[in-house]
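> Sharing a model prediction with you, sequence too.
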Amino acid sequence: MSDRATRMAQFIADAGWQDAIRTTVAGDASNRRYDRLSRPNGETTILMDAPPDKGEDVRPFVHIANFLRAQNLSAPTILARDDTHGFLLLEDLGDDLFARVVKRDPALELPLYQAATDVLIALHSAIPPALGAYDSDTMTPLAALAFDWYQTGATGAVDAQEKARFSTAFRAALAPLDAVPPVLIQRDYHAENLLWLPGRDGIARVGLLDFQDAMAGHPAYDLVSVLQDARRDVPAEIETQMIARYIAASPQDATEFARAYALLGLQRNLRILGVFARLCIRDGKAHYVDLIPRVWGHIQTNLKHPDVAPLAGLLTGLPAPDATTLNRIKAQCATPQ
């Protein structure tokens with residue numbers, strides 16, 4: 001048994017779960033892993049395994065979870081923790097991810113997205129805790145990952161001049177958003193990180209996961225995240241309705257919010273374009289490449305906004321993700337470790 005496995009077993013035993021059966025729930029794009037521990041009497045908990053030697057840190061998760069629960073939101077309760085070695089035992093919120101629920105019962109799609117939007121309305125009314133700023137200086141190099149990884153993977157090289165021109169113009173376009181009072185943004189707020197908890201009431205019906213990278217950012221960001229999903233198609237009419245629902249309940253200028261939504265949608269999807277290529281090329285996770293065409297579609301949608309359209313001319317070096325391009329990226333995938 002490895003040192004980490006020994007420490008994990010001791011952590012589980014110290015928490016009183018040594019008699020539990022362990023089954024894998026999920027891994028994700030990071031180095032975290034999640035297992036369900038099940039006792040003979042039917043009780044369950046979720047074990048988060050977040051190795052510090054691979055850059056993981058459970059403390060931000062605990063900090064944000066405590067804040068979210070203080071807002072009457074359904075982040076999992078922390079049942080046991082070992083910050084030093086990167087282990088948490090979490091309240092088990094079940095397996096009913098929004099994506100699975102909608103696939104099973106399409107009639108629930110609109111109510112689920114209404115609930116997800118209402119969570120953001122409630123959360124954004126709270127003063128955020130002290131967090132790093134997700135501002136123009138932070139967002140611009142993250143958007144440029146599209147050049148660093150997607151362009152390089154698709155064409156063999158990054159066009160440094162095009163990347164520099166885009167970065168200058170994009171930072172200037174984003175800069176006015178820095179003046180908007182920030183809210184807590186979870187940054188991965190989408191249908192595979194949201195759980196449906198119909199036995200609870202109101203905003204507590206939405207279980208929250210994967211929020212440890214939260215920052216202080218623009219109110220439109222998480223709305224873009226959930227409505228321009230990289231992993232599933234959200235109907236355009238639901239996207240339109242949820243934007244209107246959010247604006248109706250929040251002190252937002254509709255025109256300025258629409259501009260911010262399109263800019264942040266472009267930023268987010270360019271970042272994801274680069275990250276998905278990187279997950280293949282660097283980390284050997286080839287299946288993320290199959291999601292790139294949907295991400296590309298979101299980029300094109302956001303570029304249709306009249307205030308965002310001029311940026312299209314600075315992205316001409318990013319080739320469309322046709323079969324040839326995607327296969328070229330997949331051919332460079334690392335061997336999974």
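All right, it came through fine.
> What is the least confident helix or strand in this protein?
Least confident helix or strand, the chain: strand 21-27 with a mean of 84, by mean pLDDT, DSSP states H and E.
> Just give me the neighbour total for R231.
13 (other Cβ atoms under 10 Å). From N, CA and C alone the C-beta is placed, and that goes for glycine too.
> ok, it - contacts?
Contact analysis of R231 by Cβ atoms under 8 Å, 6 or more residues apart in numbering lists 99, 190-192, 291, 294.
> hmm, 10 Å instead?
Contacts for R231 (Cβ atoms under 10 Å, 6 or more residues apart in numbering) come out as 99, 190-193, 288, 291, 294-295.
> Surely it is within a strand?
No - applying DSSP: H, G, I helix; E, B strand; the rest coil, one finds R231 to be coil, outside a strand.
> So for it, what's the pLDDT?
Model confidence at R231, given as pLDDT, is 96.
> Give me the buried positions along the helix or strand harbouring A244.
Element membership of A244, judged by DSSP states H and E, is helix 236-249. By 16 or more other Cβ atoms under 10 Å, the buried positions in helix 236-249 come out as 238-239, 241-243, 245-247.
> and if you look at stretch 114-131?
115-124, 128, 131.
> thinking again about what came up before, pLDDT averaged over the next helix or strand after the least confident helix or strand of the chain - what is it?
Per DSSP H and E, the first helix or strand lying C-terminal to strand 21-27 is strand 33-38. The pLDDT scores in strand 33-38 average 95.
> Show me what strand 33-38 is in contact with.
8, 12, 15, 17-28, 43-51, 56, 88-90, 92, 94-95, 209-210.
> just to revisit the earlier point, now render the buried residues of stretch 114-131 as CSV, adding distance to R232 and pLDDT.
Output for the buried residues of stretch 114-131, formatted as CSV (distance: Cβ to Cβ, whole Å; pLDDT from 0 to 100):
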residue, distance to R232, pLDDT
A115, 16, 98
A116, 13, 98
T117, 16, 98
D118, 20, 98
V119, 18, 98
L120, 18, 98
I121, 22, 98
A122, 24, 97
L123, 22, 97
H124, 24, 97
P128, 28, 94
L131, 28, 96
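> Among those, which ones are in helices?
Among these, the ones falling in helices (DSSP state H) are 115-123.
> Same list (those residues) but as CSV, adding distance to D283.
Shown next, in CSV, are those (distance: Cβ to Cβ, whole Å):
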residue, distance to D283
A115, 33
A116, 29
T117, 32
D118, 35
V119, 31
L120, 30
I121, 36
A122, 35
L123, 31
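> Show me which of the residues you listed is closest to R268.
Nearest to R268 among these is L120, at 14.8 Å by Cβ to Cβ.
> Give me the nearest residue to L184, chain neighbours excluded.
P128 (4.1 Å; Cβ to Cβ, 6 or more residues apart in numbering).
> Give me the subset of the contacts of strand 33-38 lying in helices.
Counting by DSSP H, the contacts of strand 33-38 contribute 8, 12 to helices.
> Now for the nearest residue to A116 once chain neighbours are set aside: which residues touch it?
In space, A116 comes closest to V226 once its chain neighbours are excluded; the distance is 5.3 Å by Cβ to Cβ, 6+ apart. When contacts are counted by Cβ under 10 Å, 6+ apart, V226 touches 98, 112-113, 116-117, 119-120, 186, 188-191, 193-194, 234, 239, 242.
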